[in-house]
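1. With the sequence up front, the predicted model follows.
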Amino acid sequence: MNVFAGVGGGAVGKEAASVGGGALLEVTPHKLAVCHLVQIFAPPPPQAGVAAPALPFPFESVAHHNRLGLFLFALTRSCEDFLEPPLEELLRQLKAVDSLVNGWLCQQLTSTLSVLNSPDDLFNFFDKLRGVLSAPEGANVEDEFLDPNSQLGVFLRCCILSFNTMAFEGVCHLLANLVEYCNSSETSYDFAEDEAFNSEIEMSNFMDANIHVRDAIFDKYSKGYAPESHMGEGSSSLVHASTSLHDFDEGIFKAEDNPDCLRSRWQLEAYLNQQADILEKDPSLVPLNSFNATMSQLQALAPELHRVQFLQYLNALTHDDYIAALDNLHRYFDYSAGMQGIFSRSSSSFQDIIVGKYESALLCLGNLHCYFGHPKKALEAFTEAVRVSQMNNDDSCLAYILGAISNLLSKIGMSSTIGTIGSPYSLGNNIGLGTPLSIQQQLLVLLKRSLKRADTLKLTSLVSFDHLSLAKFDLKHVQRPLVSFGPNAYTKLRTCPADVCKNLRLSSHVLTDFGVDGLSASSDNGSFSTSWLRNLSAASNSWCSSSTKSRKVLTNDFDNFHFHAQPSPIPAAVLQLAGSAYLLRATAWEHYGSAPMVRMNSLVYATCFADAASSSELSLAYVKLIQHLAAFKGYSAAFSALKLAEEKFPSTANSHIQLLKMQLLHERALHRGQLKIAQQICDEFGVLSSSVSGVDIELKTEASLRHARTLLAAKQFSQAANVANSLFSTCYKYNMQVENANVLLLLAEIHKNSDNAVLGLPYALASQSFCKSFNLDLLEASATLTLAELWLALGSTHAKRALSLACQSLPMILGHGGMELRARAHIVLAKCHLSDPKFKVTEDPCSVLDPLNQAVEDLQVLEYHEMAAEAYYLKALVYNNLGKLDEREEAAASFREHTIALENPYNEADSLSY
């Protein structure tokens, strides 16, 4: 138990208060030495009428005095180490602070400890300590130098209380240990010369004899995590450098130079937390078997570290080992009852979700089933967790369970509208009027209840997460009122982009609100003490050796001794949520059709939140940037960027990069006319998705769409229409309305290419209606362009209507569309002019040739042979009407070249390489 948990702000922490009548900590000789140094740092207040000095003796400046205070703060924070440092080691540490007063502090410490020879001496020693915490009679309370409720004050109170409760036999044992403690340092202790500390390894021996780790291992744990950082929210690294598993393993298990060296609790805890961060940020860096062997060895050495089992659960989860993940999760809760936490450091005075309860285990189990694509089992676990949380009045856990259920419903397709959450203790399926709720209405109710509960409980991270979830919901769903009847009932069948932007803006408030509810408070895990002492050692070494340059970059005095000198003042979990808002902004603008805004928000995320982001989310930002390159710069630039992304994110460990590669290869194969390669890639899309119904529904939808487009390119219209109709039924079943707009547009294109324009008009109009309802502006412009093509296919009498529709879509397409869509719009515009009987090419050739030339330029970059052949064919017709025979022959030759390339694709074997 940490006696300093929750200390600060004026009250002893909750853990200390719950101890009861037992001693808070055991008094040892090392703690006596620390108490004496605290007494020097904060001497008793002077008697009434005596002016207090500005600084206690022997301090020369406020900075010197504060330096000792921070040193004592670090020592008290590490009071629960497995092995306390001997006196010689303490004196070596103290020398870094004592150098300004010629070793007075070390001499005073050794002399004071040496005169403690009897129980009476110990009683007098602790009696003087009481004077540090209270002002003498007649003195002002303001004269007290040390606040009894401060970190050092609580430490003194705990030591005094422990001494007061000791039996006489315990006091005798303490005296015997004190004699041994003093003799271990050799009473004739001489201070070493400066040259004795030239070795940085020797100076850093006081804390960590054999651990050769980068400085970033412990520095990142000096700031507390958000109290809402629970399952699903990671504690990603706040520093730029990461440490490999092998480097730390050597330090953990090898101690040839010092066989008696034991690792402190904070060091092991920092190691476990670091590995949890690595598992979340990039699981490919952690091999499954060797990591489990390391954890098993660590558990054998320290069986009480049950958190090792939870780390093994995370390792199995990230490596998709369902059996091992389930087994380790059960073991963790069976052996420890979750009392060691789930890598969710709370910096507040109490945990916002009390681990070690049945509902916490059910929440983890539900997340496990959700990860592996078992929606029914996940819902069963979540429903039971809701019931247990309500029985135990665990509001915080209930809020997180509601958030987990909403996340499950938003990611996994569910076709059933009744009985999804059928527990009588859960949300129910109706609104009290016998009206069953659809799955989308249940999701909306869950999100709003979770947001309200999180806001009431001041769970800032969960509030931010719920706002992000509401933004996702508003992006793809039309909010219908739960009760709508009567003559004045009004239903707005459109999404509201303003609500999406509002929720995204509110979710970003976590960056400004994280300091309000204690999220920015310092961590109570003591790991900063380890980091600070190691920095103190490095700084001391630099002061002592003037001739030898240190390997490390030396920081200034403020960085070494200021408590808040951190790489980043914002916890990683907070940065992750804030970054997710920018990533969702990019997705929202992608739906609305603004390519510049997609690129801008993706760049902001990849630039500002890369250090705190997981590999999955960071790769998604890279994917959006590469897709932008493919649409506006062509496949050559996109594949060049893809190579760099594959080096940064191995495709075997990241599905986003793998999917992007397949998407680009499929689109290029269709443009080149390599239909066999395109169909092969479509089959690979089907393999990637899960066979479980409702799982990976978006991936299955994309696979079907690409399969239908491949059949359309092969002129197999009937089969393409069957695939599209089946896909439309699936999307309707799972209420995927945004995807339905794409499917309807695809059906319109199938009928247009099969010379059934009349049958294609209803599909194009329906797609246009869907786009207006969901504010899909760029897709609406594409549907309008398809509608123009359909009217144009009905005959020249509809040329003016087609031209009007094409001109209506041009501003959006030319402003935000990619090269393919722009080229298509230019060709349609030229065809509208050429089909108009009243239009004469000889009078205004530029209105036709300019868009065709622009289309040809874009299509050459894309290698889109079919559309390029059509553009060159139209150019040849125009030049023939103008009487320009040379230009006509040149356009005809280019037309023939693209037609041959389309009919006889070359280098099909090399089409999968780039």
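-> Structure received.
2. So which residues of the stretch 701-850 of the chain form helices?
-> For the stretch 701-850 of the chain, the helices defined by DSSP state H, counting those that start in this stretch cover 717-733, 737-753, 757-773, 777-793, 799-816, 819-835, 846-862.
3. right, and those helices - which one's nearest residue 495?
-> Nearest to residue 495, of all these, is helix 757-773, at 6.9 Å by Cβ to Cβ. (C-beta placed from N, C-alpha, C; glycine too.)
4. burial measure for the nearest residue to residue 579 once chain neighbours are set aside, as a count.
-> Of all residues not flanking residue 579 in the chain, residue 609 sits nearest, at 3.2 Å (Cβ to Cβ, 6 or more residues apart in numbering). Number of residues near residue 609 (other Cβ atoms under 10 Å) recorded here: 23.
5. one step back: so which of the helices of the stretch 701-850 of the chain gets nearest residue 673?
-> Nearest to residue 673, of all these, is helix 846-862, at 12.6 Å by Cβ to Cβ.
6. what's the pLDDT at the nearest residue to residue 800 once chain neighbours are set aside?
-> Excluding the flanking residues, the one nearest residue 800 by Cβ to Cβ, 6+ apart is residue 836, at 6.7 Å. Predicted confidence (pLDDT) at residue 836: the value is 89.
7. Neighbours of residue 836, how many?
-> Residues near residue 836, counting by other Cβ under 10 Å, number 16.
8. so who does it touch?
-> By Cβ atoms under 8 Å, 6 or more residues apart in numbering, the contact set of residue 836 is 796, 799, 800, 803.
9. burial count for the residue nearest to the last one when sequence neighbours are not counted?
-> Read it as residue 803. Spatial nearest neighbour of residue 803, chain neighbours left out: residue 832 (4.0 Å); criterion: Cβ to Cβ, 6+ apart. Using other Cβ under 10 Å, residue 832 has 26 other residues around it.
10. Quick check: phi and psi at the residue nearest to residue 800.
-> Phi and psi for residue 836, reported as degrees, to the nearest 10, are phi -80, psi 120.
11. center of this structure, which residue is that?
-> For the chain, residue 576 is the residue whose C-alpha lies nearest the centre (Cα atoms, centre = their mean; 4.0 Å).
12. so the helix or strand harbouring that residue versus helix 777-793, what angle?
-> Assigning secondary structure by DSSP states H and E places residue 576 in helix 572-592. If you take axes from the mean of the first three to the mean of the last three Cα atoms, to 10 degrees, helix 572-592 sits at 20 degrees to helix 777-793.
13. now helix 572-592 and helix 737-753, what's the angle there?
-> 30 degrees.
14. Does anything pack onto helix 572-592? Which helices or strands?
-> With contacts taken as 3 or more Cβ pairs under 8 Å, 6 or more residues apart in numbering; DSSP states H and E, helix 572-592 sits against helix 460-476, helix 497-507, helix 510-513, helix 595-608, helix 615-632.
15. Show the buried residues in the contacts of residue 836.
-> With burial judged by 16 or more other Cβ atoms under 10 Å, the buried subset of those is 799, 803.
16. right, and the pair among the contacts of residue 836 with maximum separation?
-> Most distant of the contacts of residue 836, by Cβ to Cβ, are 796 and 803, 11.3 Å apart.
17. so which of the helices and strands packed on helix 572-592 is the most packed in?
-> Mean neighbours per residue, mean count of other Cβ atoms under 10 Å, is largest over the helices and strands packed on helix 572-592 for helix 460-476, with a mean of 25.
18. secondary structure class for residue 79?
-> With DSSP: H, G, I helix; E, B strand; the rest coil as the basis, residue 79 sits in coil.
19. hmm, back to that, I figured the residue nearest to residue 803 hits residue 808, correct?
-> No. In this structure residue 832 lies outside contact range of residue 808 using Cβ atoms under 8 Å: 11.9 Å.
20. OK, contacts around residue 794?
-> Contacts of residue 794 by Cβ under 8 Å, 6+ apart are 757, 758.
21. any idea how far residue 717 is from it?
-> The gap separating residue 794 from residue 717 is 18 Å, by Cβ to Cβ, to the nearest Å.
22. now swap in residue 308 and tell me
-> 60 Å.
23. out of those two, which sits in the more crowded spot?
-> Legend: neighbour count by other Cβ under 10 Å for residue 308 and residue 717, higher for residue 308 (26 against 16).
24. Could you tell me the per-residue confidence at that one?
-> Looking at residue 308, the pLDDT reads 85.
25. picking that back up, could you dump the helices of the stretch 701-850 of the chain into JSON lines with distance to residue 455 added?
-> As requested, the helices of the stretch 701-850 of the chain are exported to JSON lines (distance: least, Cβ to Cβ, whole Å):
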{"stretch": "helix 717-733", "distance to residue 455": "34"}
{"stretch": "helix 737-753", "distance to residue 455": "29"}
{"stretch": "helix 757-773", "distance to residue 455": "30"}
{"stretch": "helix 777-793", "distance to residue 455": "33"}
{"stretch": "helix 799-816", "distance to residue 455": "36"}
{"stretch": "helix 819-835", "distance to residue 455": "43"}
{"stretch": "helix 846-862", "distance to residue 455": "49"}
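26. Any idea which of those helices gets closest to residue 496?
-> Using Cβ to Cβ, those put helix 757-773 closest to residue 496, at 11.1 Å.
27. other SSEs contacting that closest one?
-> When contacts are defined as 3+ Cβ pairs under 8 Å, 6+ apart, helix 757-773 sits against helix 737-753, helix 777-793.
28. Determine the three-state secondary structure at residue 611.
-> Residue 611 - assigned by three-state DSSP - is coil.
29. make that residue 362, sorry
-> Under three-state DSSP, the three-state class of residue 362 is helix.
30. so which helix or strand takes in the closest residue to it other than its chain neighbours?
-> For residue 362, ignoring the flanking residues on the chain, the nearest one in space by Cβ to Cβ, 6+ apart is residue 385 at 3.7 Å. For residue 385, the element it lies in under DSSP H and E is helix 375-391.
31. neighbours around residue 269, how many?
-> Look at residue 269: counted by other Cβ under 10 Å, it has 22 neighbours.
32. State whether it is indeed within a strand.
-> No. Residue 269: not assigned to a strand; according to three-state DSSP it is helix.
33. gap between it and residue 735?
-> 46 Å.
34. can you check residue 401 too?
-> 24 Å.
35. the more surrounded of the two?
-> Legend: neighbour count by other Cβ under 10 Å for residue 401 and residue 735, higher for residue 401 (29 against 17).
36. Return the distance of that one relative to residue 812.
-> From residue 401 over to residue 812 (counting by Cβ to Cβ), the distance is 43 Å.
37. Residue 440 now?
-> Remark: distance between residue 440 and residue 812 (Cβ to Cβ) = 28 Å.
38. quick one on the thing from earlier: relative to the whole chain's centre, how far out is the helix holding residue 385?
-> Offset of helix 375-391 from its chain centre (Cα atoms, centre = their mean, to the nearest Å): 25 Å.
39. Then stretch 800-809?
-> Mean-position distance between stretch 800-809 and its chain equals 46 Å (Cα atoms, centre = their mean).
40. avg pLDDT for that stretch?
-> On average, stretch 800-809 scores 94.
41. Could you do stretch 411-430 as well?
-> Averaged over stretch 411-430, pLDDT sits at 44.
42. Extract the C-alpha set from stretch 738-745 and format it as PDB.
-> Only the C-alpha atoms of stretch 738-745 are listed here, as PDB (Å, rounded to 0.1, in the frame of the first residue of the first chain):
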ATOM      1  CA  VAL A 738     -24.200   6.000 -46.400                       C
ATOM      2  CA  GLU A 739     -23.100   2.800 -48.000                       C
ATOM      3  CA  ASN A 740     -26.500   2.500 -49.700                       C
ATOM      4  CA  ALA A 741     -25.800   5.800 -51.500                       C
ATOM      5  CA  ASN A 742     -22.700   4.300 -53.100                       C
ATOM      6  CA  VAL A 743     -24.500   1.000 -54.000                       C
ATOM      7  CA  LEU A 744     -27.400   2.900 -55.700                       C
ATOM      8  CA  LEU A 745     -25.000   5.000 -57.700                       C
END
